[in-house]
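Novice: Quick one, structure for this:
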Amino acid sequence: MNFINSALLTGVSTLIRVISNVVLTKVIAISFGPSGMVLFGHINNLVSFVRVFSTGGVQHGTVTLVAENENNNQQLPINASIQISLFCSVIIGFILIIFKEQLSIYIFYSQKYDYLFFIIAGAIIPYAINVIFVSVLNGMRQLKLFVLANVSANILALTVSLLCIRFFKIDGLLIAFSINQSIAIFSTLYLIRKQNWWKSAFRLVKINKIYFKKLFNYSLMAIVSASTVPAAFIIIRKLITSEIGVTQAGYWEAVIRVSSVIVMFMATSYSTYLLPTITTLKNDALKIELNRTYKIVIPIAIIFPLVIFILKDYVILFLYSEEFIKAVSLFKYQLIGDGIRIITYVTGFLMLAKSHIKIFVINELIQFILYVGLSTILIKSLRLEGVTIAYMFSALGCFIFQLVVYRKILWKNHK
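Specialist: Numbering: from 1, shown residues only. Reported below is the predicted structural model:
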């Protein structure tokens, strides 16, 4: 299966996810306005941060190791992943409960939301198990089951979110995003019920140290990413709120929600096809696959953001409401940054597939420092537009760094 076929198949899952995001965003925008979007952004970043730590960050490593052991014993990396995830989930759960008051004040500016941290702590174990199981399906290249698992998860998440918002208003929004991805374990278990590997996944067996070492490498990369990306969004959102106001922060949140959908579509295709595929490729075979992928990705990186920019007024009105129309002025630099990120994700997944830890960490730090640092400087003179310019330059910085690091793989002829 090539990149296009994989992208088309996973496109079904991505489409359902996009529709779910559109419906939820519309409901939140109409029900709670810009201030609700800010609160939504905070809970979304918080939960994203916690969920990666709950799995130990081993999901990409699970995909890779299962794919590498296709003809050997795939059960060992599965057992190792489950054991690491359960251990990390328990530790993170205790931390959330112990520091619930301090975390609530920092993230939500109020102690009244500290109850959420009990809910999140209880929800991360089923979430972590579900992520590992879905990663195993990806690594085994059972794409139909993989897509069905993701589609089911998105439909369940949307249903639960709408019900919680309907009956519990703003608290329902926060509760929904604390649990909506955890209940997917039920649909995933149903889909894989006839497969034998999951029944042995929780068996306490002595795992080869090689698997733990390899998974730790992926874990380190995922945790660095989980620490920097959500943290950058939280810091910048708080910066905008304090410098310009909560309404402006709501406009910015509306734009980055559109931005995330664009990047998510491509990232899903990358993780499904590229990650298990390029894991085993070397030299000329790797270069050929990357070049083939770039021929598809670069035109998409230009056309997709351009179409969104042309239709930006309609996009805002469709996704949100007239209350958010001022956000259209923020699209230009944000979309340029998205186009650059779509391209850099190719070599980004190369880092993951080949476990290039130092390169990955440096890349994430470049992105974090440029985004947060330039936002802090530019917001004073350029207001919200300065934040989108900072995003564009952070993407450009990562792009240049990756081109320099992988120049031999991308351009040098192997002999």
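Novice: Show me where the protein dips below the pLDDT cut-off.
Specialist: The model of the chain has pLDDT under 70 over residues 1-11, 70-74, 205-208, 271-272, 276, 412-415.
Novice: what's the longest helix seen in it packed up against?
Specialist: Longest helix of the chain, by residue count under DSSP state H: helix 3-54. Helices and strands touching helix 3-54, by 3 or more C-beta pairs under 8 Å, 6 or more residues apart in numbering; DSSP states H and E, are helix 75-98, helix 100-108, helix 115-139, helix 143-179, helix 209-243, helix 246-269, helix 283-310, helix 312-319. In this view, the C-beta of every residue, glycine as well, is placed from N, C-alpha and C.
Novice: Name the residues of the helix or strand just after it that are buried.
Specialist: Later in the chain than helix 3-54, the nearest helix or strand by DSSP states H and E is helix 59-68. Across helix 59-68, burial judged by 16 or more other C-beta atoms under 10 Å covers 59-68.
Novice: same deal with stretch 327-340?
Specialist: 327-328, 330-340.
Novice: Considering those, which is situated nearest to Tyr320?
Specialist: Ala327 (7.6 Å; C-beta to C-beta).
Novice: Look up phi and psi at the closest one.
Specialist: Main-chain dihedrals, Ala327, degrees, to the nearest 10: phi -70, psi -20.
Novice: and the spatially closest residue to it that is not a sequence neighbour, what is it in contact with?
Specialist: In space, Ala327 comes closest to Tyr251 once its chain neighbours are excluded; the distance is 4.1 Å by C-beta to C-beta, 6 or more residues apart in numbering. Contact analysis of Tyr251 by C-beta atoms under 8 Å, 6 or more residues apart in numbering lists 34, 324, 326-327, 330, 384.
Novice: can you pull the contacts of the closest residue in space to Leu382 that isn't next to it in sequence?
Specialist: Leaving out its chain neighbours, the residue that sits closest to Leu382 by C-beta to C-beta, 6+ apart is Ile389, at 6.6 Å. The neighbourhood of Ile389, defined by C-beta under 8 Å, 6+ apart, consists of 333, 374, 378, 382.
Novice: Can you classify Ile389 by secondary structure?
Specialist: helix (DSSP: H, G, I helix; E, B strand; the rest coil).
Novice: From Lys213, how far off is it?
Specialist: Distance of Ile389 to Lys213, given as C-beta to C-beta, to the nearest Å: 41 Å.
Novice: Could you do Gly57 as well?
Specialist: Counting by C-beta to C-beta, the gap from Gly57 to Lys213 is 14 Å.
Novice: And these two? Which one has more around it.
Specialist: The neighbour comparison of Gly57 against Lys213 (other C-beta atoms under 10 Å) goes to Gly57, with 26 against 10.
Novice: Go ahead and confirm the more buried one touches Asn217.
Specialist: No: between Gly57 and Asn217 there is no contact under C-beta atoms under 8 Å: 9.9 Å.
Novice: Could you tell me which residues touch both of the two?
Specialist: With C-beta under 8 Å, 6+ apart, Gly57 and Asn217 have no common neighbours.
Novice: ok, and the closest non-adjacent residue to Met351?
Specialist: Once flanking residues are discounted, Met351 sits nearest to Phe360: 4.4 Å by C-beta to C-beta, 6+ apart.
Novice: so that neighbour, which of the three states?
Specialist: Per three-state DSSP, Phe360 ends up helix.
Novice: How many residues are close by it?
Specialist: 22.
Novice: contacting residues for it?
Specialist: 221, 224-225, 351-352.
Novice: now do Val405
Specialist: 347, 359.
Novice: How about Phe49?
Specialist: 226-227, 230-231.
Novice: Equivalent analysis for Phe304, please.
Specialist: With C-beta under 8 Å, 6+ apart, Phe304 has these contacts: 262, 265, 338-339, 342.
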